[in-house]
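# how would this look folded up:
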Amino acid sequence: MRQGQNVSRSSRKAIGERFRAGARRSSDLSAAVMRIARLRYEIFRARFGRDPYPDEPLFFDPSNDIPVVAEVSQMWTQVMDAAVATRTDALSVMKFLGLA
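Numbering: from 1, shown residues only. As a prediction, this is how the structure comes out:
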């Protein structure tokens, strides 16, 4: 084993005198998804007056009185709104959810 081999490498890459950030780490994506899920959970609770059951959608059609899965366009808007509200990377979450 070479000396210093156990040191983790940064995701930043040198380009001339500047650095650019590498790919998002999975922990960043996990945190972003959790923040958005927490916000959608609160929105569900405010809309329906109860916690969602395990099989109910967090991205729901707000015009229905019962939780129904939202259409793709509504889901996209709900993810974008939640990402802006939680200051998370919307594109990474969209890719994770299969919406991008």
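
# what ranges do the helices span in this protein?
26-48, 72-86, 90-97 (DSSP state H).

# would you format the ones you listed as CSV with mean neighbour count, distance to residue 56 and mean pLDDT included?
Just so you know, the C-beta spots here come from the backbone N, C-alpha and C atoms, and that holds for glycine as well. As requested, the helices of the chain are exported to CSV (neighbours: other CB atoms under 10 Å; distance: least, CB to CB, whole Å; pLDDT from 0 to 100):
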stretch, mean neighbour count, distance to residue 56, mean pLDDT
helix 26-48, 15, 8, 92
helix 72-86, 16, 14, 94
helix 90-97, 16, 16, 90
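
# redo the ones you listed as TSV? Include distance to residue 58.
Shown next, in TSV, are those (distance: least, CB to CB, whole Å):
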stretch	distance to residue 58
helix 26-48	4
helix 72-86	9
helix 90-97	11
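
# any idea which of the ones you listed gets closest to residue 59?
helix 72-86 (4.4 Å; CB to CB).

# could you dump that closest one to PDB, C-alpha only?
C-alpha atoms of helix 72-86 as PDB (Å, rounded to 0.1, in the frame of the first residue of the first chain):
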ATOM      1  CA  VAL A  72     -46.100  13.800 -14.800                       C
ATOM      2  CA  SER A  73     -46.400  17.500 -15.400                       C
ATOM      3  CA  GLN A  74     -47.900  18.100 -12.000                       C
ATOM      4  CA  MET A  75     -45.200  15.900 -10.400                       C
ATOM      5  CA  TRP A  76     -42.500  17.800 -12.200                       C
ATOM      6  CA  THR A  77     -43.900  21.100 -10.900                       C
ATOM      7  CA  GLN A  78     -44.200  19.800  -7.400                       C
ATOM      8  CA  VAL A  79     -40.600  18.600  -7.400                       C
ATOM      9  CA  MET A  80     -39.300  21.900  -8.800                       C
ATOM     10  CA  ASP A  81     -41.300  23.900  -6.200                       C
ATOM     11  CA  ALA A  82     -40.000  21.700  -3.400                       C
ATOM     12  CA  ALA A  83     -36.500  21.900  -4.600                       C
ATOM     13  CA  VAL A  84     -36.600  25.700  -4.700                       C
ATOM     14  CA  ALA A  85     -38.200  25.800  -1.200                       C
ATOM     15  CA  THR A  86     -35.600  23.500   0.300                       C
END
